[in-house]
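**Student:** Structure, please.
(one chain, ligands or ions: 1)
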Amino acid sequence: MSIIDWDESYSVKINLIDGQHKKLFDLTNQYHKAFTEGRSQNAIRQLIDGLLNYAAVHFATEERYFSEYGYPETESHKHEHKIFNAKIAELTRKRKTGEAIEHDEVIKFMRIWLEGHIKGTDHKYIDFFAKNGLR
Ligand SMILES: [Fe+2]
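**Tutor:** Numbering: from 1, shown residues only. Below is the predicted model:
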């Protein structure tokens with residue numbers, strides 16, 4: 001049972017980024033599934049770790065493309081990543097200190113990112129990278 005599904009409306013027309021976005025949807029769904037099925041705290045923590053680690057990989061990939069191609073909106077886009085990274089750092093800290101992480105908090109965060117950020121901020125670079133031949 002998934003709670004958030006990737007479809008073409010999320011595509012940014014770049015294979016590597018679409019692949020990473022799909023994986024983030026997948027990891028979010030896996031985490032949600034583990035939670036709703038009442039899997040062990042340990043299994044759930046591992047999924048949170050996987051999600052947070054992959055988020056860092058993904059932001060680094062996007063930002064590498066920005067600097068490689070001289071994307072003009074790099075700064076504002078990176079600023080949004082920074083806000084997400086602050087939340088990721090907070091969740092990682094909670095995760096490490098054993099503080100409770102609210103399931104709803106994680107899902108809300110992923111929704112803002114996957115629905116809001118991809119369709120808003122990420123979609124702004126589609127034309128730029130397409131014109132530069134990245135696919
Ligand atoms: Fe982004």
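
**Student:** Quick one: neighbours of Leu51, just the number.
**Tutor:** Neighbour count for Leu51, taken as other Cβ atoms under 10 Å: 21. For the C-beta atoms, the positions are set from N, CA and C on the backbone; glycine is no exception.

**Student:** Also Thr92?
**Tutor:** Neighbours around Thr92, by other Cβ under 10 Å: 18.

**Student:** That one and the ion, how far apart?
**Tutor:** 19 Å (Cβ to the ion, to the nearest Å).

**Student:** if I read this right, that residue contacts Gly50, doesn't it?
**Tutor:** No. The criterion here is Cβ atoms under 8 Å, and Thr92 misses it with Gly50 at 12.0 Å.

**Student:** anything in contact with each of these two?
**Tutor:** Counting by Cβ atoms under 8 Å, 6 or more residues apart in numbering, Thr92 and Gly50 have no contacts in common.

**Student:** For Glu73, which residues are in contact?
**Tutor:** Counted by Cβ under 8 Å, 6+ apart, Glu73 has contacts 124-125, 128.

**Student:** Also Phe25?
**Tutor:** Phe25 is in contact with 2, 4-6, 114, counting by Cβ under 8 Å, 6+ apart.

**Student:** With pLDDT, distance to Glu75 and secondary structure added, can I get the residues you listed in JSON lines?
**Tutor:** As requested, the contacts of Phe25 are exported to JSON lines (pLDDT from 0 to 100; distance: Cβ to Cβ, whole Å; DSSP: H, G, I helix; E, B strand; the rest coil):
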{"residue": "Ser2", "pLDDT": "91", "distance to Glu75": "34", "secondary structure": "coil"}
{"residue": "Ile4", "pLDDT": "95", "distance to Glu75": "28", "secondary structure": "coil"}
{"residue": "Asp5", "pLDDT": "96", "distance to Glu75": "32", "secondary structure": "coil"}
{"residue": "Trp6", "pLDDT": "97", "distance to Glu75": "28", "secondary structure": "coil"}
{"residue": "Leu114", "pLDDT": "95", "distance to Glu75": "23", "secondary structure": "helix"}
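
**Student:** what mean pLDDT does the top helix by length along the chain have?
**Tutor:** Of all the segments of type helix in the chain, defined by DSSP state H, the longest one is helix 41-69. Per-region confidence: helix 41-69 scores 94 on mean pLDDT.
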